[in-house]
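Chemist: Could you look at this predicted model? Sequence included:
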Amino acid sequence: MAELNKQSVVSLVSGKNATIIKEIGRGGQGIVYLVEIDGEQKALKWYLNAPDDKFYRNLEHNIISGAPSDAFLWPEDLTEKQQGSYGYIMRLRPKNYYEFGNFLLAKVSFKSFSAMLSAAMKICNGFMMLHRFGYSYQDLNDGNFFIDPNSGDVLICDNDNVMPQGEKSGIMGKARYMAPEIVAGGIPDKYSDRFSLSVILFMLFYVNHPFEGAKVVACPCMTENYEKRFYGSEAVFIYDPNDTSNLPVRGIHQNVIRRWPVMPKLLRDTFIQEFNQEKLKNPNTRMIEQNWEKIISQVRDSLIVCQHCGEETFVDTSLLFSKCMNCSKDNDLTKKLVFTNRSLPLLNKCFIYIDNDNIPDGIVTVDNTGFLLIKNISTESWAVETPSGKIKTVEPQNILPVKDGLKINFRIHNMQYKACLLYTSPSPRDMRRS
C-alpha cells in the first residue's frame, strides 16, 4: 500500500511537481487525488500496488501519442517511480458530469431523449477514434463514463488500461461487460470492445443489462460458475426472438419492459441483431462504431417535439402522420428534409443535425402566420437552389423558408451534404387516419 499524504510532493517525468491537496476517489487499482501543478488543479491516479514496467512504458507511450479525441480523460503526464509506486496525471472531471452508474440507479436522469442520444453518439465516436489509433480499451464497463445529463456530453476515464491492438494489459475486464470469448479466457481486443460497447449502449437506452432476465432471476446465488454461463457460454439476449428462456421479468425489469416498445424499431432490431448467437460466437462479425453512429443518427432523425403536447416523441419517418407516444395525437410529417439515405420530418422546435458532432446545425421555427422556417444555427453558409435554378445563400443566423423543391447544399467541417425539401400530399386515406 503506497498512499500519499496531504501536501506531499510527487515528481513528474516532465520535470514538474504535483502537490497533493486531497483524496477525491478510490477503486481497486488505486486512489485519485486532487493535485496542483504550477498553479493549476489536476487529478492524479496513484496505484496502490505498482503495475509492472511494461504497464509503465505503455502509459508513457500513450502520453506521448496523445488522446484519440476530446472525449477521453487521457493521461497527460507520468510520475517518476517513487515511494514504492507511481501514477499519472489527467484533467479533472467537471462538477456537472456524473458517473454512468448514477443514471442506472436513477439517481440522475437525462434531461431529454436528445441528450441521451448525444451521449450515445459521443461514446461511439470516442471508441471509433480509439480503434483508429490502433488501440483496444480492454476494460469497458459502466464505471468508465462521466456524463452531463443536460447536454449528453461524455468523458471517458480509466484510460490507463488502453493498449495497442493485440497486446494484453493484464486486465481482463469487469464481470457482466466482458465479451463471451473473454469470459472463456481470451485476450481483449477491438472486437471484445465492440461487444462491451453494445452492452453499454443497451444499458444507456433501456437501463437494464441485455443478458439479465428470467435466467439470472432464477439463479439461487451468483457464483463465478454462473457468471461464466450467463455472460459467456450460455448467454441469451433478453429479447432473443428465437429463445424466450431469458425474457425480462415483470416487477423486476420494469425499465426495459417499459422502454423496449417505446424506442424506435430500428434500435430494437439492431440490438436483436448484435446480440444474436452468431455474433456472440463470432466476434469479427460485430458492428463497427461508424455503423452505430449511423443507427443513432437515424434514431435522432425520428425524434421530434410533439406539436400538440410539446413533449419529445419518436415517430416513424416513413409515415405521413405518426402518433405522439405521450398524448397519442397525430403529428403531420408531410414536410421533410430528404438526404440520400435520411429523411428528417420538419416540425416546429425540432433541431436538425447534419453530421455526427452532436452540435445542431439548424432549428425549425415558424413565423407569425405559422409558416415553417429553418434557421441556420451553424457557422457555415448554406447554398440553396430554387426549382427555377436560382442560387441563394443562407448565412449563419439567417432563415430559409420551408418550400417544396428547394435543394440545399450544406457545408459542415469541409464536407458537403446535399438535401432537398419535399412535401408529400396525404391521400384521402391518410387524411381520414389523422
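Modeler: Received the coordinates, thanks.

Chemist: Flag the shaky bits of the stretch 151-300 of the chain, pLDDT-wise.
Modeler: Along the stretch 151-300 of the chain, the parts satisfying pLDDT under 70 run over 168-173.

Chemist: So which residues of it form strands?
Modeler: With DSSP state E, counting those that start in this stretch as the criterion, the stretch 151-300 of the chain has strands at 154-156, 163-164.

Chemist: Tell me how far Leu333 lies from Glu312.
Modeler: The spacing between Leu333 and Glu312, counted by CB to CB, to the nearest Å, is 15 Å. The way it works is simple: take the backbone N, C-alpha and C, and place the C-beta from them, glycine included.

Chemist: more crowded one of the two?
Modeler: Comparing Leu333 with Glu312 by neighbour count (other CB atoms under 10 Å), the higher total belongs to Leu333, at 23 against 18.

Chemist: thought the more buried one was touching Ser322?
Modeler: Yes - taking CB atoms under 8 Å as the definition, Leu333 is a contact partner of Ser322 at 5.8 Å.

Chemist: Give the residues shared as contacts by those two.
Modeler: In the contact map built from CB atoms under 8 Å, 6 or more residues apart in numbering, the residues linked to both Leu333 and Ser322 are Val315.

Chemist: how many other residues sit next to Asn376?
Modeler: Here the count is done by other CB under 10 Å, and Asn376 has 22 residues near it.

Chemist: Centre-most residue in this structure?
Modeler: Centroid check for the chain by CA atoms, centre = their mean gives Ala120 as the closest residue, at 2.0 Å.

Chemist: Quickly find the element holding that one.
Modeler: Element membership of Ala120, judged by DSSP states H and E, is helix 113-132.

Chemist: now that helix: how far from the chain's centre is it?
Modeler: Its chain's C-alpha centre and that of helix 113-132 lie 3 Å apart, by CA atoms, centre = their mean, to the nearest Å.

Chemist: For that helix, list every residue counted as buried.
Modeler: Of the residues in helix 113-132, 113-131 count as buried by neighbour count, 16 or more other CB atoms under 10 Å.

Chemist: For that helix, name the packing helices and strands.
Modeler: Packing contacts for helix 113-132, counted by 3 or more CB pairs under 8 Å, 6 or more residues apart in numbering; DSSP states H and E, involve strand 154-156, helix 190-206, helix 289-301, strand 303-305, strand 312-314.

Chemist: Quick check: pLDDT value at Met431.
Modeler: Met431 is assigned a predicted lDDT (pLDDT) of 46.

Chemist: isn't there a strand covering Leu4?
Modeler: No - counting by DSSP: H, G, I helix; E, B strand; the rest coil, Leu4 is not found in a strand; it is coil.
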